[in-house]
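Student: starting from these lines, generate the structure:
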Amino acid sequence: MYLGAIEAGGTKFVCAVANAAGEIIKETKFPTETPEKTMSQIELFFNEFSLSSLGVGAFGPISVAEDQENYGYITNTPKKAWVNYPFIPELKKRLGTPVYFTTDVNAAALGELKKGAAKGLGSCMYITVGTGIGAGAVIGGKLVQGHTHPEMGHVLVRRHPQDTFKGTCPSHNDCLEGLAAGPAIEQRWGKPGKDLADQPLVWEIEADYLAQGLMQYILILSPEKIIMGGGVMKQSHLFPLIFEKLKGYVNNYIDLPELESYIVSPGLGDHAGIYGAIELAKEANEASLVK
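Tutor: Next comes the predicted model:
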């Protein structure tokens with residue numbers, strides 16, 4: 001019997017099969033299309049294996065409260081074909097296996113805690129800055145979710161004095177995601193971030209917004225490690241700018257750890273989410289054995 005894992009992203013799906021030790025033995029990737037096309041590809045991949053359980057980290061928002069009728073549904077997502085889609089119920093029906101699920105960023109946080117940059121700690125946050133901004137957290141060894149799951153990319157931030165850009169978020173305009181995700185950078189400056197590396201004001205503004213978000217997360221959750229991934233964070237010069245801004249915003253109110261070792265790139269690279277999903281599959285398997 002094998003462990004199945006899915007990292008369901010808004011752009012692509014990653015599916016993997018692992019052995020009982022959590023070692024990946026087969027993996028595939030494909031673009032996120034309509035639910036029917038995507039589910040058919042998932043089913044085709046996993047039907048080669050006898051799965052004991054499946055772990056899923058999904059784009060959202062998703063319904064995580066078990067007492068809700070739409071438990072396991074993807075709800076108000078910008079991907080219109082997936083709005084109110086019964087993702088987890090459909091996976092269970094097609095694959096006939098226990099499923100544990102959370103958000104893609106929660107899964108990435110779990111992966112980094114178990115195998116990556118936060119290994120050996122009791123808490124961490126994973127933040128992705130790319131097409132959108134999302135953050136997941138594990139505190140006291142447990143994923144942070146309750147009535148719903150964290151949507152920390154949509155916190156409000158103070159506008160930078162040199163920024164007049166409206167913002168891209170369809171719900172809030174100028175929340176953190178609306179001002180600092182990849183599409184906001186491209187629409188504000190007319191070029192993607194990778195073509196703006198030599199423009200200081202671009203990264204001054206970007207670092208300012210991300211530092212504001214980080215200050216809120218640190219003051220509320222106090223994680224032992226913060227991991228920042230996603231396409232925007234591959235601009236290596238961004239980390240020192242964020243550290244400088246964060247120190248200024250905190251203004252010695254609390255003692256910050258050494259930031260170079262506290263706020264870091266993913267230890268698992270682009271595999272944090274899929275390894276976190278494998279950990280969820282382990283939990284699903286253990287729960288089914290207890291029952």
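
Student: hey, let's count contacts and neighbours off CA atoms from now on
Tutor: Noted.

Student: just how off-centre is stretch 214-224 within its chain?
Tutor: Mean-position distance between stretch 214-224 and its chain equals 16 Å (Cα atoms, centre = their mean, to the nearest Å).

Student: run through who's touching it.
Tutor: By Cα atoms under 8 Å, 6 or more residues apart in numbering, the list of residues contacting stretch 214-224 from outside reads Ala118, Leu121, Gly122, Ser123, Cys124, Met125, Ile139, Leu246, Tyr249, Val250, Tyr262.

Student: could you check that stretch and say which residues are buried?
Tutor: Using 16 or more other Cα atoms under 10 Å as the test for burial, stretch 214-224 gives Leu214, Met215, Gln216, Tyr217, Ile218, Pro223, Glu224.

Student: you'd agree the second one is in a helix?
Tutor: Translated: Met215. Yes - Met215: assigned to a helix according to DSSP: H, G, I helix; E, B strand; the rest coil.

Student: any idea how far it is from Asp174?
Tutor: Distance from Met215 to Asp174, counting by Cα to Cα, to the nearest Å: 18 Å.

Student: do the third one as well
Tutor: Note on Gln216: its distance to Asp174, by Cα to Cα, is 16 Å.

Student: same check, this time on the last one
Tutor: Using Cα to Cα, one obtains 29 Å as the distance from Glu224 to Asp174.

Student: show the residue spans covered by the strands in the stretch 1-150 of the chain.
Tutor: Assigned by DSSP state E, counting those that start in this stretch, the strands in the stretch 1-150 of the chain fall at 2-8, 12-18, 24-31, 51-58, 99-103, 124-129, 133-139, 142-143.

Student: the domain parsing of this protein - what is it?
Tutor: 2-104+270-274, 117-265 (automatic domain parsing).

Student: lowest-pLDDT helix or strand in this structure?
Tutor: In the chain, no helix or strand scores lower on mean pLDDT, DSSP states H and E than helix 272-290, which sits at a mean of 80.

Student: where in the stretch 51-200 of the chain is pLDDT low?
Tutor: Residue ranges of the stretch 51-200 of the chain with pLDDT under 70: none are present.
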